[in-house]
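Peer 1: quick one: sequence and predicted model below, then my questions.
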Amino acid sequence: MLMDLPYSYWLGFALVLWLLVDLVRGVAYIWQPYSRAEQPGMYWLTMLVWGIVAASCFIYPHWPFA
């Protein structure tokens, strides 16, 4: 049952896990590391981007053209 999930869901789970680790550590990466304490705007923008990418992994199998 669990192995029947689409690959995009597994990628989504991995990205959510990565997002949670970055939340705990307070450092996020896109092109370079952004610290929550030193660069809060870029940190939260990075977290938003990763969150959107992770969410899209769960939405992808339900797109009408997928």
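Peer 2: Nice, thanks for sending it over.
Peer 1: show the residue spans covered by the strands in this structure.
Peer 2: 27-29, 33-35 (DSSP state E).
Peer 1: give the rounded mean pLDDT of stretch 53-66.
Peer 2: Taken as a whole, stretch 53-66 has a mean pLDDT of 74.
Peer 1: can you check stretch 15-33 too?
Peer 2: Stretch 15-33 carries an average pLDDT of 92.
Peer 1: center of this structure - which residue?
Peer 2: In the chain, the residue lying closest to the centroid (C-alpha atoms, centre = their mean) is residue 50, at 3.5 Å.
Peer 1: pretty sure it contacts residue 29?
Peer 2: No - at 9.0 Å, residue 50 does not count as touching residue 29 under the criterion of C-beta atoms under 8 Å. Placement of C-beta: from N, CA and C, glycine included.
Peer 1: re earlier: how close does the residue nearest to the centre of the chain sit to residue 4?
Peer 2: Applying C-beta to C-beta, to the nearest Å, the value for residue 50 to residue 4 is 26 Å.
Peer 1: go on, residue 17?
Peer 2: Counting by C-beta to C-beta - residue 17 and residue 4 are separated by 20 Å.
Peer 1: okay, those two: which has more neighbours?
Peer 2: The residue with more neighbours, out of residue 17 and residue 4, is residue 17; 11 against 6, by other C-beta atoms under 10 Å.
Peer 1: let me know the pLDDT of residue 7.
Peer 2: Predicted confidence (pLDDT) for residue 7: 81.
Peer 1: for burial, what's the neighbour tally of it?
Peer 2: Neighbour tally, residue 7, other C-beta under 10 Å: 10.
Peer 1: and if you look at residue 34?
Peer 2: 21.
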